[in-house]
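**Q** Got a predicted structure plus its sequence, pasted below:
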Amino acid sequence: MIDPYFLDWVGLLFRWFHFMMGVAWIGASFYFVWLNNTVRPLESGGKPGVAGELWAVHGGAFYQVAKYAGAPEKLPKTLHWFKWEAYLTWLSGFSLLALFWWANPRTTMIDPQVMALEPWQAATIGATTLFGGWLVYDGLCRSPLKNHGTALAGILFAFIVATAYGLSEVLSARAAYLHVGAMLGTWMAANVWRVIIPGQAAMVDAMIKGEPPPIERGQAGALRSLHNNYLTLPVLFVMISGHFPATWGHPRGWAILAVLGLIGAGYRHHVNLEERGQAKHWILPALGAAFVGLALLVRPTPAAPKGDQPHISMARVQQIVAKHCLACHSSEPIQPGIAVAPKGVKLETPEEIRREAAKIRQQVVVAKIMPLGNLTGMTDEERELIGQWADQQ
Ligand code: HEC
């Protein structure tokens, strides 16, 4: 067992790197989508074989980019490929998942109120979601559905929502969200690794041999690129969703994820259209209305009016906190795997507890994610008491 303190630093490094590579990957792919949408035939007529050109100024220099309709007559000596951003994003994300979730399911993936899984069962569900999910997705994309893009997209959406629902019935709410995101991220990286890059390599090979380019491979690559384009923003949401317990902590978290996913993909669609000069002006307001509507719809019902409830004493609250929280939330946590009070939340004195009242209510009563994994078996009555106390603050 690695010292939890150093494990924290390993986590820092991996997460930082994962974030950095993700920015590079998404930045490059959004740039190429933009480029493809923006190149226009030059008025003066371009070079032979050139379908469009584009001038840009950035960082104090001028750039001219040309897009070829097919392959150039002669291949340049160096041809840049964009793949390591994708591979490294996935590898670092996968390491984080394996190291911090699958290796420690008791505190991260298992919620006994959802299902009392054994750690190996939770880890197996996690791994199956990633690898099994890819097999299903890849199989669908290779089936005759590949020629019916909209039907395929509909089926994929249904599959993603079904996965989110299924996971929410077996894993902790947050683990369910994260695994949906990790599954989609796996599709995206594997699309690059297994389909897009090999397709491009086949095209280059055919060119060198003077054969016609393999059109099928090009079409498969285009389909996967299109999926990646639309999956990006939903996946980014899942990656920051940990900060928003109102989403995954909701009893229908899976449905909220579905709506936010559609809003993310819809926004990407709007950008794609706009870049091509085909903007539809109703899309943005519709997305905004959906977002606000969702926020209003899932708002937790306000607590019962104050006054007609018995006063909850601090002594009683301290008793509950000592039993259920202090193992982690103290200056010297005794819970294995917790080196310092998580998120700096210490609950040792009445002042500390009072200061965190709103957050405690959110975590214990609304989202019900604390105590972590309900390791200490907090009862519904205790949660209710904490809720009444928090309302009286
Ligand atoms: C087994 C360890 C453990 C126990 C027991 C535990 N927590 Fe936590 N708590 C954590 C961890 C880990 C986090 C950080 C979660 C994250 O990264 O989002 C956390 C975060 C929090 C936060 C901050 C949330 C935020 O996003 O700002 C609050 C508030 C909190 N816990 C309250 C409680 C209360 C109240 C109890 C007792 C009823 C409790 N916790 C029991 C491990 C624990």
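**A** On my side now, so go ahead. Residues are numbered from 1 along each chain as shown.
**Q** quick one, helices of the stretch 51-200 of the chain?
**A** 84-97, 105-108, 119-142, 149-168, 173-190, 197-209 (DSSP state H, counting those that start in this stretch).
**Q** Check what contacts the first one and list those residues.
**A** Same thing as helix 84-97. Residues outside helix 84-97 that contact it (C-beta atoms under 8 Å, 6 or more residues apart in numbering) are 11, 14-15, 17-18, 21-22, 24-25, 28, 126, 130, 178, 182, 185-186, 188-190, 192-193. C-beta coordinates here come from the backbone N, C-alpha and C atoms, glycine included.
**Q** With the second one instead?
**A** Contacts of helix 105-108 with the rest of the structure, by C-beta under 8 Å, 6+ apart, involve 100-101, 117, 119, 122-123, 126, 172, 174-175, 335, 337, 372-373, 375.
**Q** what about dumping the CA coordinates of that helix to CSV?
**A** The C-alpha trace of helix 105-108 is given here as CSV (Å, rounded to 0.1, in the frame of the first residue of the first chain):
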residue,chain,number,x,y,z
PRO,A,105,-13.7,0.9,-4.7
ARG,A,106,-14.9,0.8,-1.1
THR,A,107,-14.6,4.6,-0.6
THR,A,108,-15.2,5.7,-4.2
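**Q** That one - what's its average pLDDT?
**A** In this model, helix 105-108 carries a mean pLDDT of 86.
**Q** That helix near the ligand anywhere?
**A** Yes - judged by C-beta under 6 Å from any ligand atom, helix 105-108 and the ligand are in contact via Thr107.
**Q** ok, back up a step: which of the contacts of helix 84-97 are close to the ligand?
**A** For the ligand, no contacts are drawn from the contacts of helix 84-97 by C-beta under 6 Å from any ligand atom.
**Q** Give me the buried subset of these.
**A** The neighbour count (16 or more other C-beta atoms under 10 Å) marks 14, 17-18, 21-22, 24-25, 126, 130, 178, 182, 185-186, 188-190, 192 as buried among those.
**Q** Pull the most distant pair out of the contacts of helix 105-108.
**A** Spanning the widest gap among the contacts of helix 105-108 are Gly126 and Gln335, at 21.9 Å by C-beta to C-beta.
**Q** Looking at the helices of the stretch 51-200 of the chain, which one is packed in the most?
**A** Most buried of the helices of the stretch 51-200 of the chain by mean neighbour count (mean count of other C-beta atoms under 10 Å) is helix 173-190; its value is a mean of 24.
**Q** Distance from the chain centre to the longest helix seen in the chain, please.
**A** Counting by DSSP state H, the longest helix found in the chain is helix 4-38. Put simply, helix 4-38 sits 12 Å off its chain's centre (C-alpha atoms, centre = their mean, to the nearest Å).
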